[in-house]
Every structure is written in structure tokens, then in C-alpha cells.
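Enquirer: pasting the structure only:
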């Protein structure tokens, strides 16, 4: 019987220590703030679970959480099918393959704050190219600074532009890994394009789609920079997602106790929903 070489763990150990320093220690600091109250000068007063009860009973928290779920839901139902469709239309061989891959990767290379600023300028109703075109050329009354619907359309469109490429690249990787023998057998059987997609391509892409859905859920559910730079949570509180509201409580109001409790609840919801997604999408593999 071949013995496993455990020496490889020594190469992983520095990374584990770095992750522990950058994640676990700040996490314990947040836990400490979530059960205490402070008024400065490093003086703390024990609060127990009071902050958690306050957050869970808060209408403000429920409203922000609802907006966050709505944003994530819209992102998933748009980006996943769109990413698959684009991946299916991309060439598998030839000169245009690297060209398409580079073009798909370009939006993801732009920093988050730059994306928000770029779309802010692009969609302003008077000076923005898109805003001016919609208002003065097409005659559509578009103003994301005043209309909540326009603001929502803008932030969703911005995220679709920025991150659909991730789904495209993952789906494309799954497609090119399918052996040609599957397509040859389907051609001999006279299978339609829909049958090829349903019974060959989609099952073979299941693993990469699981990764894509999990990544897009976690990223869209914890998004902050782009919508904050674009709308600042407005007009009013219409685009104040849970992440934006959390920062407002922590840095705007400097209520560190409630903010710490909210961040832990936020973290728990993210873990729970991610686990549910993973369990539902891999349940057939576990049987």
C-alpha cells in the first residue's frame, strides 16, 4: 500500500497562517464588538446579544436585506443564462478564440471603484453619453439620480456588463472540455441542437456552473463599491443594499456594536445560502 507524503502540508502552512492572520483575527475583533458597547477610550460595556436582537427586529435591516436579495436574484437570473448563451456562441477553434477570450476578460480587469465612476459619468442624464442618448434622442425620461426604477436598472446593467464575463469564461471552459466523440454520436443519432445542449453540454457544464453560481451569488450579495460609487444608495434609500447600510451604520453613525452584529448576521446568511446552493446543485452527485 502506497503511503501518502504529508510533507506537502509544510508548503501550504504559510498560506494557512496568512489567511488566519487576515481573516480569523479580524473576525474575532468583530465578534468582540458585537457583544459590547464602547464610547471611546478603549472602554467597553457588556451587551450580550442585545445588538443581535435589535438588528433582527429592525425594519431598516429587513428592508436593506430585501433589496440585497432582490439585486442578487436579478443578477443570477440574467447573468447565468446570458453567460451560457455567449459561451455557446463563441468559436472553439481558430484565430478568433483568443480574441474572444481577451475581450471577455477585459471588463473584469477594471477596478470596482473605476467601474462605478465610469458608469456614473456614462449614465448622467445631461452630460453622460447613455443618459443624453436616452433622454434627447430616444425621448425616454431617464434619470437615475431621481427615479428609483432607473437607478435599479442602471446598477443591474452595470453589474451584468462587469461580471457576465466570469460566467462566460467558466462556461466556455466546461464546453471545450467535452470530447468530440459526444458530438459525433449525437450527430449520428440526429439529435437537435436543443437535445445536444440539454443532454450533453448542460450536464457536462454542471460543475463549472455550480462554481459560477456560487461565485456570482457571494459577490453580488456582498457587493458594495460599484453601487455606492454609482448611486450612493439613492435616490432616497432605493438602492441602499445591506452592504451599503452596514457601512453607513459602522462609519457614518459610528455604531460599532450594531454594525458588528449586522456583519455577523450578514456573514451567516451568506454562508447559509451558499451551502443551500451547493447542496441543491450537487445532491445528485452525492446519491
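Expert: Arrived safely, thanks for sending. As the structure is a prediction and not an experimental result, all values here were calculated from the model.
Enquirer: who touches stretch 67-76?
Expert: Contact with stretch 67-76 is made by 155-156, 159-160, 163, 213, 216-217, 220-221, 223, 227, 238-243, as judged by CB atoms under 8 Å, 6 or more residues apart in numbering. Every residue, glycine included, has its C-beta placed from N, CA and C.
Enquirer: Separate out the buried members of those residues.
Expert: Among these, those classed as buried by neighbour count (16 or more other CB atoms under 10 Å) are 155-156, 159-160, 163, 213, 216-217, 220-221, 223, 227, 239-243.
Enquirer: Assign residue 141 to helix, strand or coil.
Expert: Following DSSP: H, G, I helix; E, B strand; the rest coil, we place residue 141 in the coil state.
Enquirer: Not counting residues beside it along the chain, what's closest to it?
Expert: residue 135 (7.0 Å; CB to CB, 6 or more residues apart in numbering).
Enquirer: List the contacts of that neighbour.
Expert: 125-126, 141-143.
Enquirer: Against residue 123, how distant is it?
Expert: Going from residue 135 to residue 123 by CB to CB, to the nearest Å gives 11 Å.
Enquirer: any shared contact partners between those two?
Expert: residue 142.
Enquirer: What helix or strand is residue 157 located in?
Expert: Using DSSP states H and E, residue 157 sits in helix 148-176.
Enquirer: Can you give the distance of that helix from its chain's centre?
Expert: Centroid displacement of helix 148-176 relative to its chain, using CA atoms, centre = their mean, to the nearest Å, is 10 Å.
Enquirer: buried residues in it?
Expert: Buried, per 16+ other CB under 10 Å, within helix 148-176: 150-152, 154-156, 158-160, 162-172, 174-175.
Enquirer: helices and strands around that helix, which ones?
Expert: helix 59-89, helix 96-109, helix 112-123, helix 206-221, helix 225-231 (3 or more CB pairs under 8 Å, 6 or more residues apart in numbering; DSSP states H and E).
Enquirer: Perfect, that will be all.
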